[in-house]
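Colleague: Sequence first, predicted model second:
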Amino acid sequence: MNLHVDLNLLRTFVVVYRTRNITRAAETLRLSQPAVSHALKRLRDHFDDPLFVRSRAGVTPTRLATSIYAEINGPLSQIAASTEDRTQFDPATSTRRFRIALTDLGEAGLLPRILQATGSAGSGIQIETVPLDIETVVQDLLSHDVDAAIGSSPVRGPVAQEVLFYDRYGCLVPEDLEARDGTVSVEDLRRLPEVRVGPSAGHRTITEAVTTLGAGILSDVPHVEVNRFTSLPRIVAQCGFFAIVPVDAFSRLITGLEGTRLLELPFPSPRTGVHLISHRDAELSSAHAWFLEAVRTALADR
């Protein structure tokens, strides 16, 4: 594959690949939409491939585009970091874009604090979130596809991991369910169907711990498995299910919502560490070091 191409064209390619949208890519690059389209035309001519085809939501990469992205994303990120660190990173003047992998629950409960800590609402710094997939997050970090990730389970791989705070688990139930001393009964857990978030969100370890403690009460297999935490309140409220959820995050998520309540479990709740995961060499970059410290500051007092 001939990758002898202008670096600016490749940078445009990477942003289009990530955003899947020409207009959003132009906004990110601070270029006009015709300029981005012209850059793509030059790349298409060079590789003799359409690279991106129009779709209902924007554009979809071709197989060759996906292969190109896999080869160039990591090296381009390293070049950008090396160039950036020739001068000290200044968050007051920087227009850098940081990418962080979060679950939907992380977006709802943690992202607002991170945005306040980074000051992104009033500066040129940009924050982009991507869905956390616990199976691919290590590779995403090693390839510099994301700058950091936050998950409720440690991962295996050559990355840096630290506990930001600890959370425990409770039971989300319909609002009209009667409870004694704020605790869900064993009978109700056996009677009600369970909805559970799938393992890709990174709660596999804690789910196994909860089901072990609740052996004979909770089923190994839930009645319904979903991909997103934020769908749980509506399912619980409207369909009469229960869900085992992180107490801290969900107490914030359901504030002001009607139809559900959080109860204690009828067995000891294990604590789980919420981890900040990053590249081992991230602290060598002044920009990455600043961003990681901002995340720590944002979530340290929880």
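Modeller: Received, thanks.
Colleague: Please give the element, helix or strand, for Pro91.
Modeller: Using DSSP states H and E, Pro91 sits within no helix or strand.
Colleague: tell me the phi and psi of it?
Modeller: The phi and psi torsions at Pro91 (degrees, to the nearest 10) take the values phi -60, psi -20.
Colleague: Which residues are in contact with it?
Modeller: Thr118, Gly119, Ser123, Ile125, Trp290 (CB atoms under 8 Å, 6 or more residues apart in numbering). Bear in mind the C-beta positions are built from the backbone N, C-alpha and C, glycine included.
Colleague: Now with 10 Å, please.
Modeller: Thr118, Gly119, Ser120, Ser123, Gly124, Ile125, Ser286, Ala287, Trp290, Phe291, Ala294 (CB atoms under 10 Å, 6 or more residues apart in numbering).
Colleague: Return the set of buried residues in the helix or strand that contains Arg296.
Modeller: Using DSSP H and E, Arg296 sits in helix 286-299. For helix 286-299, burial by neighbour count (16 or more other CB atoms under 10 Å) applies to Ser286, Ala287, His288, Trp290, Phe291, Leu292, Ala294, Val295, Ala298, Leu299.
Colleague: In this structure the last one contacts Pro112, no?
Modeller: No. Counting by CB atoms under 10 Å, Leu299 stays clear of Pro112, with 11.0 Å between them.
Colleague: and the longest strand belonging to the chain, which residues are buried?
Modeller: The residue-count maximum for a strand in the chain (DSSP state E) belongs to strand 159-174. By 16+ other CB under 10 Å, the buried positions in strand 159-174 come out as Val159, Ala160, Gln161, Leu164, Phe165, Asp167, Tyr169, Gly170, Cys171, Leu172, Val173, Pro174.
Colleague: Report the strands that pair with it, each with its relative direction.
Modeller: strand 243-246 (antiparallel), strand 260-263 (antiparallel), strand 271-279 (antiparallel) (DSSP bridges).
Colleague: For Ser152, which of those strands is the nearest?
Modeller: strand 271-279 (5.3 Å; CB to CB).
Colleague: Now do the closest one against helix 286-299, angle only.
Modeller: 170 degrees (axes from the mean of the first three to the mean of the last three CA atoms, to 10 degrees).
Colleague: Do me a favour and average the pLDDT over strand 271-279.
Modeller: For strand 271-279, mean pLDDT is 90.
Colleague: With stretch 127-138 instead?
Modeller: 89.
Colleague: go on, stretch 13-30?
Modeller: 84.
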